[in-house]
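Asks: Return a 3D structure for these sequence lines:
(2 chains)
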Amino acid sequence: MKQKASGVLPAVRKWYKVDNAANMYCFAQDKNFSRTYRNSVLLRDEIDIPVMQAALEKTMKRFPTMSTVLRSGAFWPYLEHTSEVPEVHEELCRPGRYIIHNGENTPCSRFSVYKNRLSIEMFHGLADGAGSTAFVRTLITTYFELKGVKVSSYGDIKNTADEPTADEVEDSNARYAEPVKKAEKPKEPPVYIGENDQIKDYTRFVFGRFPVEDVKAAGKKYGLTITEYLCVAMILMFIKCSPETVSLPIKISVPVDLRRRFPSDSVRNFVFMTDVTFNPQGRTDVTFEDIADSVRGTAAAGATPEKLRAAVSTNVAAERNPITSAVPYPVKKAVMKQSYLDMQYSYTTILSNLGEIKFPPEIAPLVLEADCCLNKTPFLHFGCAAVSLNGIFNLTFTSANTNTEREKFFFRLLSSHGIRVRVDSTEQA
Amino acid sequence: MRCRECNIDVADNISCCPLCGAEVFEDTPALPQLGDIPYPSSYQPYPKEKRTFTSFSAAKYSARAAAAVGSVLNIAGRAAHKEPLITAASAMSALSGAVSLFSCLTEKGELMKGSMPLLISTAAAVSCALPHGKKHTVNRAAAVSVGALAVMNAVAFLSDSDSMREQYKAAFRIWGEQK
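Replies: Take a look at the predicted model:
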């Protein structure tokens, strides 16, 4: 195992290696597409944009990897540090727009405000959901500090008065990777994708909010964790809402935050995708219980420390391979982009659960809600992300068309299980 | 407000359910503590993205690499009196020149960064274009030209005026202590 990053390199640098887990996002992006996601927080009072801009400037200095632009090197992409801070602007355009890296000083993140809601759209190459959540917590805490709120204890929130550390900007994938023996990867069978009927420049978010205790109790009834419960509901949704019989496996890709398994303070990408799969084999009479029995425990079984470390090691070994390294960037990009495209057809959809967000006690009453949305991609026309704050679970469906059949089925199912649900949407039905 | 069809709470300012489109009714909400999520009622179209060539760095470094390989082939060809090697060197230099010129012309406002590979590839091309044979003076001229190319590359690498060294390190991902 590699030495810990502390003290090896300064935290603030002129450029950063793209971390192992993010290489794919950097290679896959082009002039028409980049993998982005959106975090929003709803404050109690209307947001003061100049104060938020000042808070952002302080926070960007605390998170040096967030104030970078994507560049292409001769062999690998890299992130170049920039002192330019993105502008906090009023939200005027439809959410879900790609962040295009055009070779100039285009920041990899976008900040917009609408009334009391702040939205942050971020290129996935910079950070994963946990990394961006850390950023959001610091930004909101700094904003309220500038508004005059005294914070007694930061807890695990990164204070802008402190200097960034080398641990925070490290590539934890490389730290935990071990030497691996070459192993044949079994060929994955095709999975159910569903129709990809996207509307150009259109993204709709449907927010479903429900108490954490309700969904926990509903999951407990079937012996499922919250994530498993939601996966089962989604699988049933795909089966019941498909216009034709589903005879291929339905695979829900679930990102696992590796920081929970391997100690890391990194605010970059340290995540691995596991999956929950069910094959209806053409049956239309599948019940919730059938799927629950089949998938119970599979998410946890696919995310054991041994399996996760082996998967991370394989990815890092591929990057460190001298032959791979010697391939010039344009060739590497073409190959990696194709493999990214192939990967997009290896799962039905994504369910990203960021877990609970916490703020200091003085600030918690001032932050009403939080949500996380996956932005659509040319391949992923339907995705789902969730986050919880103050005991309320906010699950957001992203869709690239006006059809609401799936969301309707999903939330009616939750409601039928005794979960109290409130639904809001960026578009009317 | 509630949708009786879906059995869910909905926003207060809407008349139909966002999921099923059915009429919503004023009713006691199941989750009274939750408020509306504000979103604009209409949106402006996306602004047009500025599109430029995205791989300046890759182009520049590829040009330098091509010039360097061409120079090595050139010297080897002259030493061994092998015509095909010198032809290959000329082709590499020409490719390097084309990439550099394109990079230089498209990289607005940063002429120096774009022009250095152009100078290097020109030096490589000149050295290839010199007549070859057993005349030592001509081959020496080619060697001098290649030497000049090496010096220019070294200057570019060592010069810190526009972070060239950092650019190099980053482009080739040579991981070391940085400023």
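Asks: burial measure for residue A:73, as a count.
Replies: 23 (other C-beta atoms under 10 Å in any protein chain shown). Heads up, the C-betas are built off the backbone N, CA and C, glycines and all.
Asks: wait, isn't it in contact with residue A:332?
Replies: No. The criterion here is C-beta atoms under 8 Å, and residue A:73 misses it with residue A:332 at 10.2 Å.
Asks: How many neighbouring residues does the residue in the stretch 201-350 of chain A that chain B sits nearest to have?
Replies: Residue nearest to chain B within the stretch 201-350 of chain A (C-beta to the nearest C-beta): residue A:329, separated by 4.6 Å. The local packing of residue A:329 (other C-beta under 10 Å) involves 22 other residues.
Asks: what separates it from residue A:198, distance-wise?
Replies: 30 Å (C-beta to C-beta, to the nearest Å).
Asks: How about the contacts made by residue A:393?
Replies: When contacts are counted by C-beta atoms under 8 Å, 6 or more residues apart in numbering or on different chains, residue A:393 is found next to A:209, A:210, A:211, A:212, A:215, A:226, A:386, A:387.
Asks: Surely the fifth one is in a helix?
Replies: It stands for residue A:215. Yes. Per DSSP: H, G, I helix; E, B strand; the rest coil, residue A:215 lies within a helix segment.
Asks: I'd like to know how many residues surround it.
Replies: Residue A:215 has 24 nearby residues by other C-beta under 10 Å.
Asks: what about residue A:207, how many neighbours?
Replies: 22.
Asks: Mind checking if the host helix or strand of it is in reach of chain B?
Replies: With elements taken from DSSP states H and E, the one containing residue A:207 is strand A:204-211. Yes. Strand A:204-211 is in contact with chain B by C-beta under 8 Å from any C-beta of the partner chain, via A:206, A:207, A:209, A:210, A:211.
Asks: Take those and lay them out in a markdown table including distance to residue A:380.
Replies: Below are the residues of strand A:204-211 next to chain B laid out as a markdown table (distance: C-beta to C-beta, whole Å):
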| residue | distance to residue A:380 |
| --- | --- |
| A:206 | 16 |
| A:207 | 18 |
| A:209 | 23 |
| A:210 | 24 |
| A:211 | 29 |
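Asks: Reformat those residues into CSV and put pLDDT and distance to residue A:338 next to each item.
Replies: Listed next are the residues of strand A:204-211 next to chain B as CSV, based on pLDDT from 0 to 100; distance: C-beta to C-beta, whole Å:
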residue, pLDDT, distance to residue A:338
A:206, 94, 32
A:207, 94, 35
A:209, 95, 39
A:210, 96, 40
A:211, 96, 44
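Asks: list the contacts for the residue lying closest to residue A:300 once chain neighbours are set aside?
Replies: Of all residues not flanking residue A:300 in the chain, residue A:225 sits nearest, at 7.5 Å (C-beta to C-beta, 6 or more residues apart in numbering or on different chains). By C-beta under 8 Å, 6+ apart, residue A:225 lies in contact with A:219, A:299, A:300.
Asks: for the stretch 51-200 of chain A, what are the low-confidence residue spans?
Replies: Scanning the stretch 51-200 of chain A with the threshold set as pLDDT under 70 gives A:102-106, A:181-186.
Asks: Most distant residue from the centre of chain A?
Replies: residue A:285 (33.0 Å; C-alpha atoms, centre = their mean).
Asks: Now it: which helix or strand?
Replies: If you go by DSSP H and E, residue A:285 is not part of any helix or strand.
Asks: How about the contacts made by it?
Replies: Per C-beta under 8 Å, 6+ apart, neighbours of residue A:285: none.
Asks: Phi and psi next, for it.
Replies: phi -100, psi 20 (degrees, to the nearest 10).
Asks: What's the local residue count around residue A:424?
Replies: By the criterion of other C-beta under 10 Å, residue A:424 has 24 neighbours.
Asks: partner residues bridging it?
Replies: residue A:207 (DSSP bridges).
Asks: Strands along chain B, start to end?
Replies: B:2-3, B:8-9 (DSSP state E).
Asks: what does the stretch 301-429 of chain A give?
Replies: For the stretch 301-429 of chain A, applying DSSP state E, counting those that start in this stretch gives strands covering A:349-356, A:367-374, A:382-389, A:392-399, A:422-425.
Asks: what mean pLDDT would you report for the last one?
Replies: Over the span of strand A:422-425, the pLDDT mean works out to 94.
Asks: and residue A:315, what does it touch?
Replies: By C-beta under 8 Å, 6+ apart, the contact list for residue A:315 reads A:20, A:21, A:173, A:177.
Asks: partners of the helix or strand containing residue A:122 in the sheet?
Replies: If you go by DSSP H and E, residue A:122 is part of strand A:117-123. In the sheet containing strand A:117-123, its partner strands are strand A:36-43 (antiparallel), strand A:109-114 (antiparallel), by DSSP bridges.
Asks: next one: the shortest one to chain centre, how far?
Replies: Pointing back at strand A:109-114 there. Remark: strand A:109-114 is offset 17 Å from the chain centroid, using C-alpha atoms, centre = their mean, to the nearest Å.
Asks: ok, residues contacting that strand?
Replies: In contact with strand A:109-114 (C-beta under 8 Å, 6+ apart) are residues A:47, A:49, A:52, A:56, A:66, A:86-92, A:97, A:99, A:118-123, A:126, B:38-40.
Asks: among those residues, which ones are buried?
Replies: The neighbour-count test (16 or more other C-beta atoms under 10 Å in any protein chain shown) marks A:47, A:49, A:52, A:56, A:66, A:86, A:88, A:91, A:97, A:99, A:118-123, A:126, B:39 as buried among the contacts of strand A:109-114.
Asks: So chain B: which segments form each domain?
Replies: B:1-36, B:55-171 (automatic domain parsing).
Asks: Now the first one: average pLDDT?
Replies: Looking at domain B:1-36 alone, the average pLDDT works out to 91.
Asks: Sort out which residues of it are buried, please.
Replies: For domain B:1-36, using 16+ other C-beta under 10 Å, the buried residues are B:1-3, B:6-11, B:14, B:17-20, B:24, B:29-31, B:34-35.
Asks: hmm, back to that, neighbour-wise, which of the contacts of residue A:315 leads?
Replies: Using other C-beta under 10 Å as the neighbour test, the contacts of residue A:315 are led by residue A:173, with 27 neighbours.
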